[in-house]
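*Asks:* Make a model of this:
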Amino acid sequence: QVQLAESGGGLVQAGGSLRLSCAASGSDFSFNIMAWYRQAPGKQRELVARIIGGGSTYYVDSVKGRFTISRNNAKNTVYLQMNSLRPEDTAVYYCYGVVITRNEYWGQGTQVTVSA
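*Replies:* Okay, here's the model as predicted:
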């Protein structure tokens, strides 16, 4: 059974930093695409950052220059380094992965709360 397990969420003051990790397990195939989404209360889930195979990255405008997505293929792990956090970054952050067979997987989510 394929699982994506997030960790690293928590409570931080505005201006602080957090590093999220997502460890993938149980897949016979490598993850071509890995990404982080977030969902704030009352809002739709949005794509925050994405990294594709060779390292091509995408960021939503609101996090550019503050967040960095990276991956360790040997560990099947993707990271999201979040700096200069703002209260509006408060949300549940979800890990998302697509394997080469195009099957998609979601993690359970990890809460990030940024206090003013």
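*Asks:* do you know how far the residue nearest the centre of the chain is from Leu4?
*Replies:* Geometric centre of the chain, nearest residue: Trp36, 2.7 Å, by CA atoms, centre = their mean. Computed as CB to CB, to the nearest Å, the Trp36 to Leu4 distance reads 11 Å. In this view, the C-beta of every residue, glycine as well, is placed from N, C-alpha and C.
*Asks:* Kindly report the same for Gly54.
*Replies:* Gly54 is 21 Å from Leu4, by CB to CB.
*Asks:* Compare those two (neighbour count), which wins?
*Replies:* Taking neighbours as other CB atoms under 10 Å, Gly54 and Leu4 compare with Leu4 leading, 23 against 6.
*Asks:* Settle this for me: the more buried one is touching Trp106, isn't it.
*Replies:* Yes. Using CB atoms under 8 Å, Leu4 makes contact with Trp106 at a distance of 6.6 Å.
*Asks:* Show me whatever sits in contact with both of these two.
*Replies:* Cys95, Tyr96 (CB atoms under 8 Å, 6 or more residues apart in numbering).
*Asks:* residues in contact with Thr101?
*Replies:* Listed by CB under 8 Å, 6+ apart, the contact set of Thr101 reads Phe29.
*Asks:* Just confirm it is within a helix.
*Replies:* No. Assignment of Thr101 by DSSP: H, G, I helix; E, B strand; the rest coil gives coil, placing it outside any helix.
*Asks:* Great, nothing more from me.
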